[in-house]
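Asker: Provided below for reference: sequence and predicted model.
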Amino acid sequence: MRIMPLETRGISTSRLILGCMPFGGEWNDAPITEEHVLQAEKAVDAALSIGISMFDHADIYTRGKAEQTFGRILQARPGMREQIVIQSKCGIRFGNDDVPGRFDFSKEHILESVNGILQRLGTDYLDVLLLHRPDPLMEPDEVAEAFGKLKSSGKVRYFGVSNMSAAQIRYLEQALPESLVVNQLELSLERLDFLDQGVHVNQKAGTSVNFSEGLMEYCQSNRIQIQAWGPLAQGKFSGRPLDDQPENIRATAALVQQMAHDKGTTPEAIVLGWLMRHPAKIQPVIGTINPERIRACRDAESQSRMMTRDEWYKLYVSSRGVNLP
């Protein structure tokens, strides 16, 4: 079994993560219902049944109701907390009549956010806290103060980021006593910039690629776990209607279906296995509340081990829609 960067830091986790963004219902102030809790319980049980032990949250998900819903599950299962890894994020603030939506990495906001996260989850600590999106007004020393206070109080074990470039991570880390452990990025068989950025070095086609140069290599070299949000590409390769999609997406979906049939597995396992085949040991965050779809991901890790170079490149080139340079 390939050792993941998080495991080298003493965080025992699974190759897959369940993203809890859909928990709690709509993104409004409507109350959490028993049906919402039941849906979440079924999703958690499906995740646990396929070996998922890590759960991803953010303070903004369904305006805090996702964490509240998960907290109700934890309260009903007191032995569960020590068997799982909980990760949450902060730094995004909603807008109102006076100010727009914005990012906030101030010490006060980070500390206040974590207190709210812990209260909603009903737990004393987070295993991992991520800063959600880059804040142009970030001051690394101020972030370091917040992280230090959270660490010394036992409220957060480890820290990471989401959607940050290599330069932003280096800039932040120069003020931190400990290295960051995670960078969560949008990566999938549809979102290919993380690969195209490398293969288009010294190519004119590279000017249209939107991905931080050297980011994958930086994270791999510094044992920062790369997590992938949106890894199933909203189901485009695993059964979603594709009438409005370009030919390369439709062709790749057909290829995924054929490979799944030939290997006796699911399209979800092929799509995730392709992502996990990358040497960065990418950790996908599955963002569905559907138990059947969660269980369909069961075979992803074994498919990643069995996937050949030729199979991996067939999927990559098909989804690109054009041959490699």
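Answerer: In hand now; what should we look at? Residues are numbered from 1 along each chain as shown.
Asker: Remind me what the host helix or strand of residue 37 packs against, helices and strands.
Answerer: With elements taken from DSSP states H and E, the one containing residue 37 is helix 34-49. On a contact count with 3 or more C-beta pairs under 8 Å, 6 or more residues apart in numbering; DSSP states H and E, helix 34-49 meets strand 17-19, helix 65-76, helix 291-295. (Each C-beta comes from the backbone N, C-alpha and C, glycine too.)
Asker: ok now that helix, how far from the chain's centre?
Answerer: Taking C-alpha atoms, centre = their mean, to the nearest Å, one finds the center of helix 34-49 at 19 Å from the center of the full chain.
Asker: Just after it, pick out the following helix or strand.
Answerer: According to DSSP H and E, the helix or strand after helix 34-49 is strand 54-56.
Asker: List the strands paired with that following strand, with their directions.
Answerer: Neighbouring strands of strand 54-56 in its sheet, by DSSP bridges, are strand 17-19 (parallel), strand 85-90 (parallel).
Asker: Could you dump those strands into JSON lines and include distance to residue 107 and mean neighbour count?
Answerer: Below are the strands paired with strand 54-56 laid out as JSON lines (distance: least, C-beta to C-beta, whole Å; neighbours: other C-beta atoms under 10 Å):
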{"stretch": "strand 17-19", "distance to residue 107": "28", "mean neighbour count": "25"}
{"stretch": "strand 85-90", "distance to residue 107": "12", "mean neighbour count": "25"}
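Asker: about what we covered before: could you give the mean pLDDT of the helix holding residue 37?
Answerer: The pLDDT scores in helix 34-49 average 98.
Asker: Give me the buried stretch members for it, please.
Answerer: The neighbour-count check on helix 34-49 (16 or more other C-beta atoms under 10 Å) flags 36, 37, 39, 40, 41, 43, 44, 46, 47, 48 as buried.
Asker: Of those residues, which is the nearest to residue 130?
Answerer: Closest approach between the buried residues of helix 34-49 and residue 130, by C-beta to C-beta: residue 47, at 19.3 Å.
Asker: so what's the closest one up against?
Answerer: By C-beta atoms under 8 Å, 6 or more residues apart in numbering, residue 47 lies in contact with 16, 18, 55, 286, 294.
Asker: Same question for residue 60.
Answerer: Taking C-beta under 8 Å, 6+ apart, we find residue 60 in contact with 92, 94, 132.
Asker: cool, residue 9 as well?
Answerer: Applying C-beta under 8 Å, 6+ apart, the residues contacting residue 9 are 158, 181, 223.
Asker: if you set the cut-off to 7 Å instead, what comes out?
Answerer: The contact partners of residue 9, taken as C-beta atoms under 7 Å, 6 or more residues apart in numbering, are 158, 181.
Asker: Got the phi and psi for it?
Answerer: phi -100, psi 10 (degrees, to the nearest 10).
Asker: can you list the weak-confidence ranges in the chain?
Answerer: For the chain, applying pLDDT under 70 flags the ranges 1-2.
Asker: Show me where it has its helices.
Answerer: Applying DSSP state H to the chain gives helices spanning 5-8, 34-49, 65-76, 107-121, 140-152, 166-173, 193-199, 215-221, 247-263, 267-276, 291-295, 300-306, 309-320.
Asker: which one of those has the most crowded surroundings?
Answerer: Each of the helices of the chain was scored by mean neighbour count; the highest is helix 267-276, a mean of 26, by mean count of other C-beta atoms under 10 Å.
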